[in-house]
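> I'd like to go over a predicted model; first the sequence, then the structure.
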Amino acid sequence: MLFARQPIFDRSGQVVGYELLYRSEESPERAAGAGADTMLSTVLVDAVLEVGLDAATDGRLAFLNFSEAHLVDGVARLLDPGAVVVEVQEDVAATPQVVAACEALRAAGYRLALDRFRSGDPRAALLEHVSYVKVDALTHDEAALAALVESLRGRVTLVAMRVEDAAVRDRCQALGFELFQGYFFRKPELVRRKDLTPDVVRTLMLMNLLRDPEVAQAEVVEGFRGDPALTVKLLRLANSAAVGVREVSSIPHAISLLGRGPLYRWLALIFAAAAGRRTAMQDELLREVLIRARFCESAAERAGLLDSGEAFLVGLFSKLEPLVGVPLSELLERVRLAEPVERALTERAGFLAWVLDLAEAHEAADWARVGEVAEVAGLDQFAVSDCYLDALGWMRTSMEQLAAA
């Protein structure tokens, strides 16, 4: 099974949970050769129970789709009621058995949601048992959407789905939706032109020094000496458990322990964090940046690329623009990247372009495209799943280390 997630935000931009997206490689709608019930059973066992909801959602709520059979069979009781929201799929009929199952789940402390609710929905009989109602913002005109919201106001928490840009988000917020699901935080509307602060500029300067093989180690050391805050970060990174050294005696010692390549990568992460972390929305963007960077690197490693670190940079820089508020073209003018990395970013060409295609297809849960790109690279669906799970774990560790540094 392939695994992805889509964030759900509140009105202040805080992430409250993720809808976990599971599909087969062959079809974005259902598993080839298996019904929805079989697919969900496999997903719950293989992807949720073994991977762990906490790892899959960073400790936030997991929104999971349930079929009629699984509602009636009580499959949700395998999961922690405090960790999940049971979504009643749009094709589930409000039979007496389904109504009784939803009532029992609510009494047991589970939160329920109606997926893709609409005017005249035959599942209206379930409204008294659910906490959330999800509405597709793009399938209603404004008048119909306003009327639907008014009919539900105060009874449930309203979730706007398919919020694809800031304009849709603002309109839904004005109508009274409380939660928002979609990829609007990745869209250009969130980019605000900003000047880079002196500490961010110095980080870029050090990245350039590290990338240039003709620059002597002494010059790199001097670059760190001029920035006490970065020096502290350097020493903490070198003294971390990942490096395995208990005492770091000097800046040159720290640089030699880390190595220029890994240090360059850490500076890139520090740059992303320093330039972008201002709001809860940008915190989520930073998580997405780290996931994509590691996903690209992991995929490159599994495909046998000699320099998977370049794939890491492709993933990292491909998502920096909405995070830092500076156009990619300007970032590339300020920092030297290897030619294959620049070509992948600016032309979608060269041997690194496929990792970016794979990452974007996976984030969009476009499993048909994932399969096409992975096959060309010699990867199967299990390898792709492993790459994503590895990226999730690495992101959580990196966020902790960045906070500590």
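Received, thanks.
> And the helices in the stretch 251-400 of the chain, which stretches?
With helices called from DSSP state H, counting those that start in this stretch, the stretch 251-400 of the chain shows them at 251-258, 260-276, 280-303, 308-318, 320-324, 328-334, 339-346, 353-363, 367-376, 381-404.
> and the first one, how far from the chain's centre?
Going back to what we said before, that points to helix 251-258. 32 Å (CA atoms, centre = their mean, to the nearest Å).
> Run the angle between that helix and helix 260-276 for me.
Relative orientation of helix 251-258 with respect to helix 260-276: 100 degrees, computed using axes from the mean of the first three to the mean of the last three CA atoms, to 10 degrees.
> Need the residues that contact helix 251-258.
By CB atoms under 8 Å, 6 or more residues apart in numbering, the list of residues contacting helix 251-258 from outside reads 217, 220-221, 224-225, 231, 234-235, 237-239, 243, 245, 248, 263, 266. Just so you know, the C-beta spots here come from the backbone N, C-alpha and C atoms, and that holds for glycine as well.
> which of the residues you listed lies closest to Asn208?
Among the contacts of helix 251-258, Val220 lies closest to Asn208 (CB to CB), at 10.3 Å.
> Please name every helix or strand in contact with the host helix or strand of that closest one.
Assigned by DSSP states H and E, Val220 falls within helix 217-225. In terms of contact count using 3 or more CB pairs under 8 Å, 6 or more residues apart in numbering; DSSP states H and E, helix 217-225 is assigned the packing partners helix 198-211, helix 228-238, helix 251-258.
> Against Val86, how distant is Pro322?
Counting by CB to CB, to the nearest Å, the separation of Pro322 from Val86 is 32 Å.
> Once you drop chain neighbours, what's closest to Gly304?
Using CB to CB, 6 or more residues apart in numbering and skipping the chain neighbours, the partner closest in space to Gly304 is Gly378 (7.7 Å).
> Verify the contact between that neighbour and Ala300 for me.
No - judged on CB atoms under 8 Å, Gly378 makes no contact with Ala300 at a distance of 11.6 Å.
> how about stretch 79-97: buried residues?
Within stretch 79-97, the residues that qualify as buried are Leu79, Ala83, Val84, Val85, Val86, Glu87, Val88, Gln89, Glu90, Val92, Ala94, counting by 16 or more other CB atoms under 10 Å.
> measure Asp165 to Gly182 for me?
For Asp165, the distance to Gly182 equals 8 Å [CB to CB].
> Looking at these two, which is more packed in?
With neighbours defined as other CB atoms under 10 Å, Asp165 and Gly182 compare such that Gly182 has more, 22 against 16.
> List phi and psi for Glu90.
In this entry, Glu90 is assigned phi and psi values of phi -70, psi -20 (degrees, to the nearest 10).
> Surely it and Leu126 touch.
No - when contacts are counted by CB under 8 Å, Glu90 is not listed as touching Leu126 (11.8 Å).
> least trustworthy helix or strand in the chain by mean pLDDT?
helix 36-43 (a mean of 57; mean pLDDT, DSSP states H and E).
> For the following helix or strand past that one, C-alpha coordinates in CSV please.
Reading on from helix 36-43 to the C-terminus, the next helix or strand found by DSSP H and E is helix 53-57. Once side chains and other backbone atoms are set aside, the C-alpha atoms of helix 53-57 remain, and they are given as CSV (Å, rounded to 0.1, in the frame of the first residue of the first chain):
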residue,chain,number,x,y,z
LEU,A,53,-0.7,6.7,14.2
ASP,A,54,1.7,8.9,16.2
ALA,A,55,4.4,8.5,13.6
ALA,A,56,2.0,9.0,10.7
THR,A,57,0.4,12.2,12.1
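> can you give me the mean pLDDT across helix 53-57?
Mean per-residue pLDDT for helix 53-57: 81.
> The helices of the stretch 251-400 of the chain into TSV, with extra columns for mean pLDDT, distance to Phe9 and mean neighbour count?
Rendered in TSV, the data for the helices of the stretch 251-400 of the chain read as follows (pLDDT from 0 to 100; distance: least, CB to CB, whole Å; neighbours: other CB atoms under 10 Å):
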stretch	mean pLDDT	distance to Phe9	mean neighbour count
helix 251-258	84	36	18
helix 260-276	78	16	21
helix 280-303	88	7	23
helix 308-318	86	22	24
helix 320-324	78	15	23
helix 328-334	82	24	14
helix 339-346	92	27	19
helix 353-363	93	16	23
helix 367-376	91	25	19
helix 381-404	84	18	17
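> and Arg155, which of those is closest to it?
Proximity to Arg155, assessed across the helices of the stretch 251-400 of the chain by CB to CB, is greatest for helix 280-303 (26.8 Å).
> helices or strands next to the closest one in the packing?
Here helix 280-303 touches strand 2-10, strand 15-23, helix 260-276, helix 308-318, helix 320-324, helix 353-363, helix 381-404, going by 3+ CB pairs under 8 Å, 6+ apart.
> Which one, of those, ends up nearest to Leu112?
For the helices and strands packed on helix 280-303, distance to Leu112 was read as CB to CB. The smallest value, 13.6 Å, belongs to strand 15-23.
> Would you mind getting the angle between that closest one and helix 353-363?
Angle between the axes of strand 15-23 and helix 353-363 is 110 degrees (criterion: the same axes, to 10 degrees).
> taking the mean pLDDT, what do you get for strand 15-23?
Average pLDDT, strand 15-23: 79.
> Tell me if I'm right that Asp227 and Arg202 touch.
Yes - contact criterion CB under 8 Å: Asp227 and Arg202 qualify, at 5.2 Å.
> Now for these two: what residues contact both?
Common neighbours of Asp227 and Arg202 (CB under 8 Å, 6+ apart) do not exist.
> These two: which is more packed in?
Remark: of Asp227 and Arg202, Arg202 carries more neighbours, 20 against 17, as counted by other CB under 10 Å.
> Confirm for me that that one is in contact with Gly226.
Yes - taking contacts as CB under 8 Å, Arg202 lies within contact range of Gly226: 7.2 Å.
> Quick test: name the residue nearest the centre of the protein.
Centroid-nearest residue in the chain: Glu288, 4.0 Å away (criterion: CA atoms, centre = their mean).
> Can you tell me what sits against stretch 207-224?
202, 205-206, 230-231, 234, 251-252, 255-256, 260, 263-264, 267-268, 271, 335-338.
> Let me see the mean pLDDT of it.
The predicted model assigns stretch 207-224 a mean pLDDT of 83.
> So what's the gap between stretch 215-231 and the chain middle?
In terms of CA atoms, centre = their mean, the centre of stretch 215-231 is set 33 Å apart from its chain centre.
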